[in-house]
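J.: From the sequence below, what's the structure:
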Amino acid sequence: MSLGDAPGRRHATLRAMAHPVRLRMLSLLTGSSLTAADVARELGLTHANASYHLRNLLSAGLIVQAGEERIRGGVAKRYRYDAERDRNREAMLGPHGVDTQRALFATVANELVRRTAEADWSVGGSMTDAEIWVDPEVWREIRDRIAQAGRDLHDAARPPRTPGTIRTSTTIAMFRMEEP
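T.: Modelled structure (predicted):
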């Protein structure tokens, strides 16, 4: 599928992201390249199940192969999520359609429900929910700062259970609303 087929590519991407396990895999592969066995161990899946979901993410262009390694006489592929590559792809494909955005937000909302069940509220957290009116320039400035913070967070991601790190959840959704 070429970039010229943006609707088809977007549909394949959305289908790949529609499964909660695949969203978890994308997060896991942000901090490091992992094999199917690594992913299976971290998420409590069978190797076959992890491989299946990784193939779906790879075929949708959401992850990249990041090398191979020899393990017990076989070859294991390593995969990773490249946030910068994904941002560049989004710039080339253009904005998501309304239906795609809504479906993506619904999928992420379901994942957020799962994550909050594992939250450590004793150390605090942060949540902002607002449907407000602001000056357009203020909106752009804040949106851009938060988008940069999201990029910084992706860049700071480390492999799971790296000594000195903490497991966190971050979900950011900001959009301008239509006039009522």
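J.: so where is the protein shaky, pLDDT-wise?
T.: For the chain, the stretches with pLDDT under 70 are 1-11, 89-96.
J.: Recalculate using a threshold of 80.
T.: Where the chain drops to pLDDT under 80, the residues are 1-15, 85-101.
J.: Quick check, central residue of it?
T.: For the chain, the residue nearest the mean C-alpha position is L26 (4.7 Å; C-alpha atoms, centre = their mean).
J.: hang on, that residue in a strand?
T.: No. L26 is assigned helix when assessed by DSSP: H, G, I helix; E, B strand; the rest coil, not a strand.
J.: Chain neighbours aside, what residue packs nearest to it?
T.: Y81 (5.0 Å; C-beta to C-beta, 6 or more residues apart in numbering). C-beta here means a position set from N, CA and C on the backbone, and glycine is covered the same way.
J.: count of residues packed around L34?
T.: For L34, the count of nearby residues is 25 (other C-beta atoms under 10 Å).
J.: all numbers from here: first residue = 166
T.: Got it, first residue is 166 now, which makes that one L199.
J.: ok but R316 is inside a helix, no?
T.: Yes. Assessed with three-state DSSP, R316 lies in a helix.
J.: Quick check: closest non-adjacent residue to it.
T.: Here the residue nearest R316, using C-beta to C-beta, 6+ apart, is A248, at 7.0 Å.
J.: Wait, the one you found touches L194, no?
T.: No. Between A248 and L194 there is no contact under C-beta atoms under 8 Å: 10.0 Å.
J.: The two - which one has more neighbours?
T.: Taking other C-beta under 10 Å, A248 and L194 do not tie; L194 has more neighbours (25 against 16).
J.: Does that one lie in a helix or a strand, and which?
T.: For L194, the host element (DSSP states H and E) is helix 185-196.
J.: Run me through the strand neighbours of the helix or strand following that helix, direction for each.
T.: Downstream of helix 185-196, the next assigned helix or strand under DSSP H and E is strand 199-200. Next to strand 199-200 in the sheet, as set by DSSP bridges, lie strand 239-245 (antiparallel).
J.: quick one: the helices in the protein?
T.: Along the chain, counting by DSSP state H, helices occupy 171-182, 185-196, 201-208, 212-224, 248-258, 263-281, 301-321.
J.: Just name the most buried of those helices.
T.: Neighbour counts (mean count of other C-beta atoms under 10 Å) averaged over each of the helices of the chain peak at helix 185-196, with a mean of 20.
J.: on that earlier part again, contacting residues for the residue nearest to the centre of the chain?
T.: 182, 222, 227-228, 246 (C-beta atoms under 8 Å, 6 or more residues apart in numbering).
J.: Cheers, nothing more for now.
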